[in-house]
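Asks: let me see the structure of the following:
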Amino acid sequence: TSVIGLGQHLGRRLTRAGAEAATVEMATSLTSEAFRLNAIIERWMGFAELHSGTARATVQRIDLRETVLRQVSAARERHDAMTITTRLPDEPVTMDSAPDAIAGILDNLFENAARYAGDDCEIAVTLWCEPDRILLRVRDNGPGVPEAQIPHLFERFYRGDGRVKGGLSIGLYVSRSLAE
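Replies: Below is the predicted model:
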């Protein structure tokens, strides 16, 4: 967090000093990368907590619609070429949940879409309510997953056919654990 604070401070100072736009953009990129690295560290810590059985989620009343809109906005900022369409109810969709868990699940799904379908992928997010449940669907136009791999998608460190390198290979495992 100190790197994030320093990056933000540097960006403000450069802006006030009338620095060139490219220089200010470098400070903004530094801050964005610090946020991204912080998220990776938090994901690893969450994984360690889940794995050890010590994870504690703070459950509270949240507006799922607002959480979806916030995560969609963040994903659009990270991936300029990504197209995300939403079909959401006009009114709030409230539920009891850990807000960070829902945000983490959505972030992981958006990052997977960018990784496997490409940065210019198209994602459709749909949220709707039925009498006894709330449903949230995230779809992308990626190549899909071979049927033989589907049973393994939520296993720790499962990497599929290796088409794409990078990542921790725990995202879907952690997402499923958070959802449960």
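
Asks: okay, which residue is most central for the chain?
Replies: When Cα atoms, centre = their mean is applied to the chain, the residue found nearest the centroid is Asp107 (0.9 Å).

Asks: just checking, that one touches Ala39?
Replies: Yes - Asp107 is within contact range of Ala39, at 7.2 Å (criterion: Cβ atoms under 8 Å). All C-beta spots, glycine's among them, are computed from the backbone N, C-alpha and C.

Asks: ok, and for stretch 2-20, which residues are buried?
Replies: The neighbour-count check on stretch 2-20 (16 or more other Cβ atoms under 10 Å) flags 4, 7-8, 10-11, 14, 19 as buried.

Asks: please apply the same query to stretch 120-134.
Replies: Residues of stretch 120-134 classed as buried by neighbour count (16+ other Cβ under 10 Å): 121, 123, 125, 127.

Asks: name every strand pairing with the regular element (helix or strand) spanning the third one and say which way it goes.
Replies: Assignment of secondary structure by DSSP states H and E places Val125 within strand 122-130. When pairs are called by DSSP bridges, strand 122-130 turns out to pair with strand 83-87 (parallel), strand 133-140 (antiparallel).

Asks: now do the buried residues in the longest one.
Replies: Along strand 133-140, the positions that meet the burial threshold by neighbour count (16+ other Cβ under 10 Å) are 136, 138, 140.

Asks: state the mean pLDDT of that strand.
Replies: If you average the pLDDT over strand 133-140, you get 91.
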